[in-house]
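Visitor: Fold the following and give me the result.
(3 chains)
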Amino acid sequence: MNELASARTASSTKERGHTLDRLKEFWRRFRKNKAAVFGLIVLLLLIFASIFADQIADPALITKISMDRKQPPSAAHWFGTDHLGRDLFVRVVHAAPTSLTIGIVVAAFSLLIGGTIGVTCAYYGGIYDEITMRIVDILSAIPGTLLSMVVVSVVGGGMRNLIIAMVIARFRGVVRLARSAAIGVTGREYIEAAKSGGSGEFRTILRHIVPNIMGTLIVSATMSVSSAIISAAALSFLGLGVQPPTPEWGYMLNEARSYMATCPHLMIFPGIALVTTSLSINLVGDGLRDALDPKLKT
Amino acid sequence: MKKYIFKRILILIPTVLAVSFIVFTLMYFAPNDPASIILGSGATDAEIAKLNHELGFDLPFLQRYWNWASNLIFHFNLGDSYITRQPVSADVLKRLPISITLAFFGIMGSTCIGVPFGVLSAVKQNKLIGQIPSIICIILAAFPSFWVGMLLMYRFCYKWQLLPPFGVETMAGYILPACSIAFVYASAQMRHTRSSMLETIRQDYIRTARAKGATESVAIWKHALRNALLPTITIIGGNFGLVIGSAIVNESLFSIPGLGSYIISSINNRDVPAVLGGVTVLAAIYCAILLVVDLLYAVVDPRVKARYSK
Amino acid sequence: MSENFIAIKDLYVEYRTDLEVVKAVNGISFTVGKGETLGIVGETGAGKTTTALAILRLLPENTGRVTGGSIELEGRNMMELSPKEIREVRGQKISMIFQDPMTALNPVFTVGEQIGEAILFHHPETPKTEVEARVEEVLNLVGIDPKRKNDYPHQFSGGMKQRVVIAIALACEPDMIIADEPTTALDVTIQAQILAMMKDLRERINTSMIMITHDLGIVAQMCDKVAVMYAGQIIEFGSVEDIFSRERDHHPYTVGLFNSIPNLREKAARLKPIPGLMPDPTNLPAGCKFSPRCPHCMEICRSDDPAAIGEGEHKIKCHLFDGGGISRGE
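Guide: Down below sits the predicted model:
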């Protein structure tokens, strides 16, 4: 009995040491990818700006209307002012936490819900798997944006509802991904064999399957953050997302539409903000993917 | 083969119905009842109750769905819009071709940019000219398509006055929105074509071709490309959902009277039958396209064709 | 002595990646005359396939490199041929048959198209009817119904696919065929059929052949001369009679190879493999490459790479026979 216990602790310490080595190796590979590191730096700056948004730009100015309407960028207003005379820089900065929050929360919940369903489908198989995948197939027959729009039409706008609508539209993709990754990693026979060993194996299996597919899922979740941010911007652009007074880049772009010809700066700055955020996250995601499995890179 | 096609089409119908059921269920939870929407805020409670009864609003949930569904299946009728009191199907059918044309142009554009870029970056992998398409596409993938649309609109409609900013009275009206869709999804196509090409080049039969005396270009452009492009067809199908989403947003931006903008305005007006009809038709088209893509793949790949002919 | 069709001298081939250098071929020399069949025997990783690829310059572009020696085809140095000239050699003067028939054929082109290509690459002006006629002729040669030329590869079994590959190789009546383990991926019964067919063809067309295999049985059936390869070197070379003769001396590795074949007549409880593994090609031992595994290893073996010693054609790279001549059965 004691031998078993000490063997277990020995193997888990070895595993932990092993894991630490793998993390270090992973970081080394990630560091080699200059684009990914650049993306990471930009992303960290954005996160910093989001956390300290209030310090960077006075929040009172978000909704402060003034008579200085539609001014181009100047020393007083770095990004100019919008059609209501509000300082654009302040609004763009304060929209960052909105978008980042939406992106991260949506990706996280999709990962959690979709991942759990996918892995359990792969593990249990049988009729549970069949039925769940049928339902996912049917849900997949509705294009994502459309589904989100329908949900928003029912529950109303606003950031919280937008997140719910987006998770509903996205989790099906994660289910598929998690399920095929789980099946791919262990192979059906392994799961069957382990199951026949007794239900005590359940936790151990999860401990084996999950770490192996974690890499794929994390890369997918990272990319998912940036696509969620853009989707949220699109829905807000249509008026079906974040509602005023919360500033949001997509919504700002919608406001900029009417003044496009005379005030291009109104659409340039929020757009650049969106692209920068999305690009930096994508670069980090690419870097993660290459670092996790260098074989995948050609 | 024909049997397989028939079977697939047959499965399409319950899938679309299931979709409509899900949407119907979702909309069931909407806060407003139809009569309030139609009659507006000035109506009395009695008038509202009467109209609701006429519209069948007070019937049980499943019966309402069955009424709607049987109306669709047997009479091809999608019901009447709450707002216009006209058949939804008329509007939907009028707008559907426009949306499909836009999505089609978008897909064509993204394939025409993405596939050559992907092949180029795979073949010239280690040289500079191969890196450039990758970089361009990574950057493009970060752009929201509606922002690309806005930038294009600014440049081509206002500054240079070359193209119409609104509507599709002429075919020229499709150019800018199709471009904004294409630029963004070209990246996904490029990435996929690239990895498919890289994998194909490594295959043994490419070495066989070289051993026969093939020139490098024949080995790559004839032998590798045909195999590498096969999965592209599936990817086009897979991306189509995203393209539709993008098309909907661009319809709004460019004020194009397509199905997407119809659904958006119906949502804003709380016009439930219109939303239901529009979404169902769009989902049906989407499923049909996926089916066509699958069949196309079977036609092009002799191995798949053999499997389905059994 | 027949004129040498191919002559390889001191060939060195490496694979270079970012992380390491794999020394796949380390100084081999041999010749193959017209109409002769050379067998190259050895375990996986001995460098046999690399040698074959090097002859036709089919090494992977980014990593494979010939770093020394020469390959001469009918007197001409092949390393100096232009890309156009080497393409003319491939498929026409020298054809290659690869190991795995399942992946050697392009799945989206018919078998007829792929055979026809071999002809058209070298004689692009050939009229279509002539190409078709030749395709059918060659399919007949390898025992496939010519009507199947419009079938796709997936419609053929493994053995039939390999016949198609051989048909492609024969399309332009090459002077030499390099067969890289052509039957390894096939069932034993199919193997026998394919070998019989190849023997028959060889007699009819009088091609030279390099037969790469790890199967001594095939060598005995098909080959005139044999080169035994180990860790990128030819450690024993000779006529097939020399190699298979029990009276002659042999390299300890060759002895090990023969011993590891189970003997049907003896009652043996265990197989007799050669202990140990082939050395890591990125980190080859100094001296004789076989020394770590050799039962007769001496001091000198660990430090000095032996020269190829022997009389006439039979050569052995081993310090055991250093002291003057190979004994003849004492």
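Visitor: Please, where are all the helices along the chain?
Guide: Assuming you mean chain A. Using DSSP state H, the helices found in chain A span residues A:2-32, A:34-51, A:53-56, A:88-124, A:126-140, A:144-155, A:159-196, A:201-237, A:249-257, A:265-292.
Visitor: try chain C instead
Guide: Ranges of helices within chain C are C:48-55, C:83-89, C:101-104, C:111-122, C:128-141, C:158-170, C:188-205, C:216-222, C:240-244, C:252-259, C:299-303, based on DSSP H.
Visitor: The nearest residue to C:V108 once chain neighbours are set aside: how many residues sit nearby?
Guide: Using C-beta to C-beta, 6 or more residues apart in numbering or on different chains and skipping the chain neighbours, the partner closest in space to C:V108 is B:R226 (5.1 Å). For glycine as for every other residue, the C-beta is placed from the backbone atoms N, C-alpha and C. Neighbourhood size, B:R226 [other C-beta atoms under 10 Å in any protein chain shown]: 16.
Visitor: Local confidence estimate at B:R226?
Guide: Note on B:R226: pLDDT of 85.
Visitor: which SSE is it in?
Guide: Per DSSP states H and E: B:R226 is located in helix B:225-253.
Visitor: Report the buried residues of that helix.
Guide: Going by neighbour count (16 or more other C-beta atoms under 10 Å in any protein chain shown), the buried part of helix B:225-253 is B:225-233, B:235-237, B:239-253.
Visitor: next structured bit after that helix?
Guide: Per DSSP H and E, the first helix or strand lying C-terminal to helix B:225-253 is helix B:259-269.
Visitor: how about the helices of chain B, start to end?
Guide: Going by DSSP H, chain B shows helices at B:2-28, B:34-39, B:45-54, B:61-75, B:88-123, B:128-141, B:145-152, B:172-201, B:204-212, B:216-217, B:225-253, B:259-269, B:272-300, B:302-309.
Visitor: Please identify the most buried of the ones you listed.
Guide: helix B:145-152 (a mean of 24; mean count of other C-beta atoms under 10 Å in any protein chain shown).
Visitor: how big is the angle separating it from helix B:128-141?
Guide: 100 degrees (axes from the mean of the first three to the mean of the last three C-alpha atoms, to 10 degrees).
Visitor: what sits up against helix B:145-152?
Guide: The contact list for helix B:145-152 (C-beta atoms under 8 Å, 6 or more residues apart in numbering or on different chains) reads A:234, A:237, A:253, A:256-257, A:260, A:267, A:271, A:274-275, B:176-177, B:179-181, B:183-185, B:246, B:249-250, B:253-254.
Visitor: Show the contacting residues for the residue most central in space within chain A.
Guide: Among the residues of chain A, the one closest to the centroid is A:V225, at 1.9 Å (C-alpha atoms, centre = their mean). By C-beta under 8 Å, 6+ apart, the residues touching A:V225 are A:103-104, A:106-107, A:281.
Visitor: can you put those in JSON lines and add pLDDT and distance to chain B?
Guide: Formatted as JSON lines, the contacts of A:V225 follow (pLDDT from 0 to 100; distance: C-beta to the nearest C-beta, whole Å):
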{"residue": "A:G103", "pLDDT": "93", "distance to chain B": "13"}
{"residue": "A:I104", "pLDDT": "94", "distance to chain B": "17"}
{"residue": "A:V106", "pLDDT": "95", "distance to chain B": "15"}
{"residue": "A:A107", "pLDDT": "94", "distance to chain B": "16"}
{"residue": "A:I281", "pLDDT": "93", "distance to chain B": "8"}
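Visitor: Which member of those is positioned nearest chain C?
Guide: Nearest to chain C out of those is A:I281 (C-beta to the nearest C-beta; 28.7 Å).
Visitor: Can you report how many residues lie near the closest one?
Guide: Neighbours of A:I281 under the rule other C-beta under 10 Å: 28.
Visitor: Spatially nearest residue to it (excluding sequence neighbours)?
Guide: For A:I281, ignoring the flanking residues on the chain, the nearest one in space by C-beta to C-beta, 6+ apart is A:S226 at 3.9 Å.
Visitor: wait, the one you found sits on A:L283?
Guide: No. Counting by C-beta atoms under 8 Å, A:S226 stays clear of A:L283, with 9.6 Å between them.
Visitor: who's in contact with the closest residue to chain B within chain A?
Guide: As assessed by C-beta to the nearest C-beta, chain B sits closest to A:T145 within chain A, at 3.0 Å. A:T145 makes contacts with A:169, A:231, A:234-235, B:244-246, B:248-249, as judged by C-beta under 8 Å, 6+ apart.
Visitor: Tabulate those residues in JSON lines, adding columns for distance to B:V88.
Guide: Formatted as JSON lines, the contacts of A:T145 follow (distance: C-beta to C-beta, whole Å):
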{"residue": "A:A169", "distance to B:V88": "23"}
{"residue": "A:S231", "distance to B:V88": "27"}
{"residue": "A:A234", "distance to B:V88": "25"}
{"residue": "A:L235", "distance to B:V88": "23"}
{"residue": "B:I244", "distance to B:V88": "19"}
{"residue": "B:G245", "distance to B:V88": "22"}
{"residue": "B:S246", "distance to B:V88": "24"}
{"residue": "B:I248", "distance to B:V88": "17"}
{"residue": "B:V249", "distance to B:V88": "22"}
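Visitor: Can you tell me which of these is nearest C:S29?
Guide: The closest of the contacts of A:T145 to C:S29 turns out to be B:S246 (C-beta to C-beta; 64.6 Å).
Visitor: Low-confidence stretches in chain A?
Guide: Within chain A, the stretches with pLDDT under 70 are A:1-19, A:186-205, A:207-208, A:293-298.
Visitor: Including mean neighbour count and mean pLDDT, could the helices of chain C go into JSON lines?
Guide: Below are the helices of chain C laid out as JSON lines (neighbours: other C-beta atoms under 10 Å in any protein chain shown; pLDDT from 0 to 100):
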{"stretch": "helix C:48-55", "mean neighbour count": "23", "mean pLDDT": "91"}
{"stretch": "helix C:83-89", "mean neighbour count": "16", "mean pLDDT": "88"}
{"stretch": "helix C:101-104", "mean neighbour count": "21", "mean pLDDT": "89"}
{"stretch": "helix C:111-122", "mean neighbour count": "23", "mean pLDDT": "92"}
{"stretch": "helix C:128-141", "mean neighbour count": "16", "mean pLDDT": "90"}
{"stretch": "helix C:158-170", "mean neighbour count": "24", "mean pLDDT": "90"}
{"stretch": "helix C:188-205", "mean neighbour count": "15", "mean pLDDT": "84"}
{"stretch": "helix C:216-222", "mean neighbour count": "17", "mean pLDDT": "88"}
{"stretch": "helix C:240-244", "mean neighbour count": "19", "mean pLDDT": "88"}
{"stretch": "helix C:252-259", "mean neighbour count": "19", "mean pLDDT": "84"}
{"stretch": "helix C:299-303", "mean neighbour count": "14", "mean pLDDT": "83"}
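Visitor: At the contact with chain B, which residues of the stretch 151-300 of chain C appear?
Guide: Residues of the stretch 151-300 of chain C lying close to chain B by C-beta under 8 Å from any C-beta of the partner chain are C:152, C:154-155, C:165, C:168.
Visitor: burial count for C:C297?
Guide: 17.
Visitor: typed the wrong thing, it's B:L162
Guide: Neighbours around B:L162, by other C-beta under 10 Å: 11.
Visitor: Against B:S145, how distant is the closest residue to chain A within the stretch 101-250 of chain B?
Guide: Residue nearest to chain A within the stretch 101-250 of chain B: B:G245 (3.0 Å; C-beta to the nearest C-beta). Per C-beta to C-beta, to the nearest Å, B:G245 is found 9 Å from B:S145.
Visitor: Overlap of the contact sets of those two?
Guide: A:A234.
Visitor: And the residue nearest the centre of chain B?
Guide: Centroid-nearest residue in chain B, with C-alpha atoms, centre = their mean: B:I244, separated by 3.0 Å.
Visitor: what sits against that one?
Guide: By C-beta under 8 Å, 6+ apart, the contact set of B:I244 is A:143, A:145-146, B:99, B:103, B:260, B:282, B:286.
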